[in-house]
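[1] Here is my input; please provide its structure:
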Amino acid sequence: MIASLSRQLQGARLDSRTRRSLQRDSHAGFDDRLVTLTQRPMTRHALGASAVGFWLLIPLSCMLVDRRFQVSLMLILWSMMAFCLILCGSAKCSSPEHMQGERKRPPRLSEVWPGTYQETKMLLFLLGICSSLACVISLTKGGALMLSLLRSPSQDGCSVAELKGFFSRGLSAFRCEDGNLDSKHEGTVLLRHGWSYDAAQVYRMAPVYLRAASQATSLPVAWAVAKDGPLASSSCGSGLCGLFLRPSADEAALLGKLAKEMSHTLGFSKQDGFHLQSMPLVALTDPSDPFGSKRMLSWAVLFYFLALLTLLAFQLEVSYAKNNDYEPLATKSLDTDTEGHG
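    Below is the predicted model of the structure:
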């Protein structure tokens, strides 16, 4: 009885070892197939073209996608670009060397400057990653906002009394010839977010009137909102100018409660013709340079073209690599020394 149990236990151990070995062999086989696939010239060309394609989509995402989704989409595109770049750079050349010179091509960087192929590839990879990341950061800090405003419709030479109609038509910016910000009656609210309880965003709100002299008798035409900063009127000539805000669901609920409280405090809710939900939210700033975004756009354009040139040079470097580019430096130096002594 004991002998049969021991044989069964040994058989079970052997079966578990066999399964583990089969799993290791299957994983190793998949890794080998992946490495073999990335070593093909067509795969390297496809990975390099995909990296460039993802990078070309970033400015289009800033101009065509809603502002609330721009940052997430840019990070996704940058991650896909970096992933294709890593796969393209990790592949080794598997094609014969005589096939590399059959087609005319521009010279590679490693053939022009004194660095080796491995050094050139690493330099281009790091330069591409750093410049593309700097471009994405510049876009998220205001460059994407400036790009989206370049293609968005705006209204010039208007009156703030028409802001409600402009907002319903989907306009993004306005430059009016009148308007006054009632900064004396300013409301403040906090929106807590993230894992830390102390992390919060500060929103400030104040009513916008048609004229300063009519604040005591007339109704406001809009709510001016500032996020994490002071609420100051931005004058474009003799009037107010700014951007229309379309906040997220959490921000809209919080700002709606603040607007309702301020309406009761200032007595707007008791007057005829006042509709709280129809009043647009605006950010008072110069639409030609909102919150200093023009400078960030300049940096983003500079880093964008630097990253694009680097990606093209990296693709050229990797796509036309030769087999002898992967030989160790010690082997090359040893052969050279041997020939010199001979």
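[2] buried set for whichever strand or helix holds S298?
    Per DSSP states H and E: S298 is located in helix 293-319. Buried residues in helix 293-319, counted by 16 or more other C-beta atoms under 10 Å: 293, 296-297, 299-301, 303-304, 306-308, 310-319. To be clear about C-beta, it is placed using only N, CA and C from the backbone, and glycine gets the same treatment.
[3] which residues touch A300?
    For A300, the contact set (C-beta atoms under 8 Å, 6 or more residues apart in numbering) comprises C135, S138, L139, G143.
[4] tell me the helices in the stretch 151-300 of the chain, going along the chain?
    Per DSSP state H, counting those that start in this stretch, the stretch 151-300 of the chain carries helices over the ranges 163-168, 249-266, 293-319.
[5] what is the rounded mean pLDDT of the last one?
    Just to be clear, that refers to helix 293-319. On average, the pLDDT along helix 293-319 is 90.
[6] Numbering from 899 from now on, please.
    With 899 as the first residue, the last one maps to helix 1191-1217.
[7] Mind checking which of the contacts of A1198 land in strands?
    Using DSSP state E, no member of those sits in strands.
[8] In JSON lines: those residues, plus pLDDT.
    Formatted as JSON lines, the contacts of A1198 follow (pLDDT from 0 to 100):
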{"residue": "C1033", "pLDDT": "94"}
{"residue": "S1036", "pLDDT": "93"}
{"residue": "L1037", "pLDDT": "92"}
{"residue": "G1041", "pLDDT": "90"}
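[9] top of those residues by neighbour count?
    When neighbours are taken as other C-beta atoms under 10 Å, the top entry among the contacts of A1198 is L1037 (29 neighbours).
[10] How about that one, nearest residue that isn't a chain neighbour?
    Take L1037 and drop its neighbours on the chain: the residue closest to it by C-beta to C-beta, 6 or more residues apart in numbering is A1198, 4.9 Å away.
[11] Likewise for Y1202?
    C1033 (4.7 Å).
[12] Nearest residue to G946 in space, ignoring adjacent ones along the chain?
    Q1213 (3.4 Å).
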